[in-house]
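Novice: any chance you can model this:
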Amino acid sequence: MIGFWLLRAPVFRAAGSLFISDGPPVKADYILVLAGDGVGNRILKGAELAREGYAPAVLVSNGARYYGHTESELATEFAIQHGYSPDLLITCLWNANSTVEEGKRAIAELRRRGAHKVDIVTTLWHTARAGRIYRRLAPDLEIHMVGAFDRNWHDGAWWIDREGRKTFFMEGSKTVADFLGM
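Specialist: Next up is the predicted model:
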């Protein structure tokens, strides 16, 4: 028991690292910001990459509607309020209830726009699963995953509070479901 207590941090950190497949951004045709953030870290990361010249535009994905507004509209407005040009942002209006549904809609839009290389921005702990899903759905696209900050992840020390543990549990459950084809 004492051995586990002493080794818990490196063991838990290693377990959390299985959810991460974060790489540097590359020059791409588009940046795709995945829905599901709720606090703005993903959209700000994507908009910053566009401002830095990694792609000419950001596709802002949509998950659902909140109080009569789409998530993508709220995210776009949030980025504009933080000083990013509306000319960088393309608000997408599809509905999606999962990363797979979102991937199908986003890939169709990327193909319609003639994209071949894409930087996909999502929360750091979501990069591995989202990357597997997008590569499985679009083997013809060159996909690069870029992780955005999440305060609940605590820079990999997810176990130190309840929100981090919930994040780990939920992503772990979704990762297992994806591996099982559910």
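Novice: give me every residue that touches the nearest residue to Lys27 once chain neighbours are set aside.
Specialist: Once flanking residues are discounted, Lys27 sits nearest to Tyr54: 6.0 Å by C-beta to C-beta, 6 or more residues apart in numbering. The way it works is simple: take the backbone N, C-alpha and C, and place the C-beta from them, glycine included. By C-beta atoms under 8 Å, 6 or more residues apart in numbering, the contact list for Tyr54 reads 25-28, 31, 119.
Novice: the strands in the protein, which residues?
Specialist: 30-33, 58-60, 65-66, 69-70, 89-91, 117-123, 142-148 (DSSP state E).
Novice: turn those strands into CSV, columns for mean pLDDT.
Specialist: As requested, the strands of the chain are exported to CSV (pLDDT from 0 to 100):
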stretch, mean pLDDT
strand 30-33, 98
strand 58-60, 98
strand 65-66, 85
strand 69-70, 92
strand 89-91, 97
strand 117-123, 98
strand 142-148, 98
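Novice: so for Thr167, what's the nearest residue that isn't a sequence neighbour?
Specialist: Asn152 is the one closest to Thr167 (C-beta to C-beta, 6+ apart), at 5.0 Å.
Novice: residue contacts, the residue nearest the centre of the chain?
Specialist: With distances taken as C-alpha atoms, centre = their mean, Thr122 lies nearest the centre of the chain, 1.4 Å away. With contact set as C-beta under 8 Å, 6+ apart, Thr122 has these partners: 33-34, 36, 42, 130, 145-148.
Novice: quickly list what it is bridged to.
Specialist: Counting by DSSP bridges, Thr122 is bridged to Gly147.
Novice: start the count at 13, not 1, going forward
Specialist: Yep, numbering from 13; the last one is Thr134 now.
Novice: distance of it relative to Ile43?
Specialist: As for Thr134, its distance to Ile43 is 11 Å (criterion: C-beta to C-beta, to the nearest Å).
Novice: skipping adjacent residues, who's closest to Gly168 in space?
Specialist: Closest residue to Gly168 apart from its sequence neighbours, by C-beta to C-beta, 6+ apart: Arg25 at 5.1 Å.
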